[in-house]
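Student: sequence? don't have it. structure:
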């Protein structure tokens, strides 16, 4: 590439563009994490996080990336050898399953084609076929960052309820929280796993567990070894506005600012914005004559769109040309989708014209790599964005 | 407008978008402007500024906006009642003329239609008609920020030279320096006026005079009252790495970072980038079936493009809708162009996809306000930006 100028277009589906307000907040001097100022900050943050999760109960904050919060959800609620039900919705669901197995759990992993979300009908079937309640937890990735498919959590919850099965519901919202409608309490989720670097508009480095009362009670008897991730000492320290070990102070400054931004915009508006940008993106993809990976209209992701290329074209080549020529990063195909798709992130700190620039870059990149497309794609997106 | 999200598109022709690197540099603690660290900074900056101006001689830095540097150019070189030749290229040339008159100078102001630059033929005529050398200085705005017309300085210099007239050449480069090819020494300019908030990618608050030897000699006998703007004490203090009064320390931190960015990209690349973005913008304007204000192919600005609307449409309404709907600021028509044009800034910290987003916003805004356009405009720009 020639020298890059202007702002890099960071259009991977996270880490997302960090707002200047958040970066500036993080630039404040680090303070004593045992002092009164820090306690006030912690108390404010723990309160401010609840509406974002839709949780009246505690949200545990880890100075760790999202993968850590995956582990925390498992080790706080399960015992060695216990059975967990998972759904192969994509790369991240597969990685979470591998983690569970490494931690000594058994996983019943429902196969999938990476173009659909977790199937409520299949969930109900599996639970009905488990009258002994061997399945202790159901793990679902709400929004599969690798595919742009969003599983329907309320329907999955209803499937559990209709069977009367007592399994916990653990949900990964790493690429949905703060982007796609999500309600921890209302949807009866027991542990919500989240990270800082997507809809929360922060750099990576913080992750979260929102915890239901049932999950908390379960954790008292869960016997997977745990220390760093243990909710107990963290929640105890949080009551004094502290953490049991050194927190990521400056990221917490940023979190405070990000929560203010989400509150100012309003969560319903945040969700509507993401849905609209996703719709405009799909209009572009279809306008180009290409296929959106997600195969179910009810499961389109608000935070990213995966674009499937014709067999003979290499999606990584398209990404490479776009990065080289237009200084834009797009998400690669992961796992078995490598080279077959690229992913357009349209989440977090984002707006209409940044999306228009993003789609213009994709359109030019597709043309430059010889992927046959209809140039009407970009204007199809503008028809959505510019609707009177 | 609904809540604004993502980055504001600041596409006025300056102040321009300040790079994060520059903002961060400015966030460093203010230091003693009489201390050794500050002296080292000053010395480095004064050296680093020279190549940007194409000047081997001194560059004077003012803790003031560009208007101040206009005044400095006049008060350092001229005496009460002296005659200056100016060209009515647009709003800023007109303001500079008014300033000269307020300072007690006489101005011969060549009328213009705001669609052309200063005419070298007319300049030669006026100087030939002045055998007594009453004209002491020729004032030219290199790039008229109000019109997007760039005067041809080398041809104007040649016109002066061919007449053998001794008038000084004073050039305003506020919206061209660091964006459009400019060479203080090579083009025989005596005082170059510049500001921080355009191609230099800084907030407003610093301005500059690059000074020729002839201008320096002239300043010894120039009798317009001057103190704050006086080159003499500043240049004397600069030799010790200091300023005669408190400098804008944190802006100077930013200047250091901005100079590094320009050096990394390389000035020829910076100029080529601006020219290419201007070309793409014109392709969009013509693709929409609209008219670029600048009427001479040789004088198109690399840093901004003014778009002329059909008589019956109000350009301010278009800007208002675009700001409201797409969170993008465009430049208004100034002076006699109010409501007739809007101006698209494509200078400073900028790139292909930000331009694509910008033009998408303009296209949607034109449609939303009922200006009849051809939707092929945006794709015409992409043909330039995405050329293999």
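Tutor: On my side now, so go ahead. Only a predicted model underlies this, so the values are computations on that prediction, with no experimental measurement involved.

Student: so the residue in the stretch 101-250 of chain A that chain B sits nearest to: helix, strand or coil?
Tutor: Across the stretch 101-250 of chain A, the shortest distance to chain B (Cβ to the nearest Cβ) belongs to residue A:201, at 9.9 Å. Where C-beta positions appear, they are placed from N, C-alpha and C, glycine not excepted. Under DSSP: H, G, I helix; E, B strand; the rest coil, the three-state class of residue A:201 is coil.

Student: buried ones in the lengthiest helix in chain A?
Tutor: As assigned by DSSP state H, the longest helix anywhere in chain A is helix A:267-287. For helix A:267-287, burial by neighbour count (16 or more other Cβ atoms under 10 Å in any protein chain shown) applies to A:270-271, A:273-287.

Student: other SSEs contacting it?
Tutor: strand A:291-292, strand A:304-308, helix A:352-368, helix A:376-385 (3 or more Cβ pairs under 8 Å, 6 or more residues apart in numbering or on different chains; DSSP states H and E).

Student: mean neighbour count, distance to residue B:266 and mean pLDDT for these - can I get that in TSV?
Tutor: As requested, the helices and strands packed on helix A:267-287 are arranged in TSV below (neighbours: other Cβ atoms under 10 Å in any protein chain shown; distance: least, Cβ to Cβ, whole Å; pLDDT from 0 to 100):
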stretch	mean neighbour count	distance to residue B:266	mean pLDDT
strand A:291-292	18	41	98
strand A:304-308	27	35	98
helix A:352-368	27	23	97
helix A:376-385	22	31	97
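
Student: quick one: closest of those to chain B.
Tutor: helix A:352-368 (3.1 Å).

Student: residues contacting the residue of the stretch 101-250 of chain A closest to chain B?
Tutor: By Cβ atoms under 8 Å, 6 or more residues apart in numbering or on different chains, residue A:201 lies in contact with A:16-19, A:22, A:178, A:258, A:261, A:348-349.

Student: any of those buried? List them.
Tutor: Buried among the contacts of residue A:201 (16+ other Cβ under 10 Å): A:16-19, A:22, A:178, A:258, A:261, A:348-349.

Student: restrict these to contacts with chain B.
Tutor: Of the residues in the buried ones among the contacts of residue A:201, proximity to chain B by Cβ under 8 Å from any Cβ of the partner chain holds for A:17, A:349.

Student: can you list which of the buried ones among the contacts of residue A:201 are found in helices?
Tutor: Using DSSP H, the buried ones among the contacts of residue A:201 in helices are A:22, A:258, A:261.

Student: of those, which is the nearest to chain B?
Tutor: Nearest to chain B among those, with distances taken as Cβ to the nearest Cβ, is residue A:261, at 8.6 Å.

Student: next up, the contacts around the closest one.
Tutor: Neighbour list for residue A:261: A:19, A:21-22, A:201 [criterion: Cβ under 8 Å, 6+ apart].

Student: in TSV, list those along with pLDDT.
Tutor: TSV is the format used below for the contacts of residue A:261 (pLDDT from 0 to 100):
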residue	pLDDT
A:19	93
A:21	92
A:22	93
A:201	96
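
Student: now the two most distant members of those residues.
Tutor: Checked with Cβ to Cβ, the contacts of residue A:261 reach their widest spread between A:21 and A:201, with 9.1 Å between them.

Student: and the strands in the stretch 201-350 of chain A, which stretches?
Tutor: Along the stretch 201-350 of chain A, counting by DSSP state E, counting those that start in this stretch, strands occupy A:207-211, A:291-292, A:304-308, A:328-332, A:341-345.

Student: residue A:315 is nearest to which of these?
Tutor: Residue A:315 lies closest to strand A:341-345 among the strands of the stretch 201-350 of chain A, at 4.4 Å (Cβ to Cβ).

Student: which of the strands of the stretch 201-350 of chain A sits closest to residue B:344?
Tutor: Of the strands of the stretch 201-350 of chain A, nearest to residue B:344 by Cβ to Cβ is strand A:328-332, at 21.1 Å.

Student: for the closest one, which helices and strands make contact with it?
Tutor: When contacts are defined as 3+ Cβ pairs under 8 Å, 6+ apart, strand A:328-332 sits against strand A:9-11, helix A:315-326, strand A:341-345, helix A:352-368.

Student: what would these look like in CSV with distance to chain B?
Tutor: Converted to CSV, these look like this (distance: least, Cβ to the nearest Cβ, whole Å):
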stretch, distance to chain B
strand A:9-11, 5
helix A:315-326, 5
strand A:341-345, 12
helix A:352-368, 3
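
Student: please identify which of those is closest to residue A:184.
Tutor: Within those, the stretch nearest residue A:184 is strand A:341-345; the backing value is 23.6 Å (Cβ to Cβ).

Student: find the nearest non-adjacent residue to residue A:69, please.
Tutor: residue A:207 (3.6 Å; Cβ to Cβ, 6 or more residues apart in numbering or on different chains).

Student: my error: substitute residue A:253 in the last question.
Tutor: Sequence neighbours aside, residue A:25 is the residue nearest to residue A:253 in space, at 4.6 Å (criterion: Cβ to Cβ, 6+ apart).

Student: quick check, that neighbour in a helix?
Tutor: Yes. Per three-state DSSP, residue A:25 lies within a helix segment.
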